[in-house]
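Chemist: Give me the fold of what follows.
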Amino acid sequence: MDQIGYVIEEKENQVMVQVRRISSCGGNCKSCGGSCDAPSIVVALKNELGASQGDYVEIISDTRFILLSSLIVYGIPAAGMIIGILLGSAWFESEVKAFGVGLLTMIATFGFLWVLDRKVFSRQKKRLAMKRVLGGDQYDDKIL
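Modeler: Just a heads-up that it's a prediction; the model follows:
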């Protein structure tokens, strides 16, 4: 998955790049008739290409890593909630208490993933990188 980003700031050997998130219609609101406004996000990337503030850059990412991350972030807490509801319904006769156990289990899995992300995944190689520095204002509509 390749995207175009705009360098908004330089920091030592990193750059802060503004990237527009892709909406479900692909950013072409004329095709779906909606008035979606996909907000931009800012990512920190290693400045291996010597990009400077105001440059447009092409960003490449590992699609498998992004899909796996989405599965982990959404799937594990959902599974935790389902398991918690099943356990809660076995322990209690009240559906409200079973739902409460499921909710607590989901919150606990989110906390576990948050700690895991801070301790383990932050040390791993980032899966986003700059492919090349682009030029010109023709990319403004893809970013801002």
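Chemist: Now the element after the lengthiest strand in the chain, going C-ward?
Modeler: If you go by DSSP state E, the chain has its longest strand at strand 2-11. Remark: after strand 2-11, the chain's next helix or strand is strand 14-20, criterion DSSP states H and E.
Chemist: before we move on, the earlier item: what helices and strands are in contact with the longest strand of the chain?
Modeler: Counting contacts by 3 or more C-beta pairs under 8 Å, 6 or more residues apart in numbering; DSSP states H and E, strand 2-11 is packed against strand 14-20, strand 40-46, strand 56-61, helix 140-143. C-betas here are computed from N, CA, C, even on glycine.
Chemist: got CSV for these, with mean neighbour count, mean pLDDT and distance to Leu116 too?
Modeler: As requested, these are arranged in CSV below (neighbours: other C-beta atoms under 10 Å; pLDDT from 0 to 100; distance: least, C-beta to C-beta, whole Å):
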stretch, mean neighbour count, mean pLDDT, distance to Leu116
strand 14-20, 19, 82, 24
strand 40-46, 14, 79, 20
strand 56-61, 18, 83, 21
helix 140-143, 12, 51, 32
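Chemist: okay if I get these as TSV plus distance to Val133?
Modeler: What follows is the helices and strands packed on strand 2-11, written out as TSV (distance: least, C-beta to C-beta, whole Å):
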stretch	distance to Val133
strand 14-20	10
strand 40-46	12
strand 56-61	5
helix 140-143	14
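Chemist: doesn't Leu49 fall inside a helix?
Modeler: No - the assignment for Leu49 by DSSP: H, G, I helix; E, B strand; the rest coil gives coil, which leaves it out of any helix.
Chemist: What count of nearby residues applies to it?
Modeler: One way to gauge burial is a neighbour count; for Leu49, by other C-beta atoms under 10 Å, it gives 15.
Chemist: start at 32 instead
Modeler: Yep, numbering from 32; the last one is Leu80 now.
Chemist: Fine by me, we can end here.
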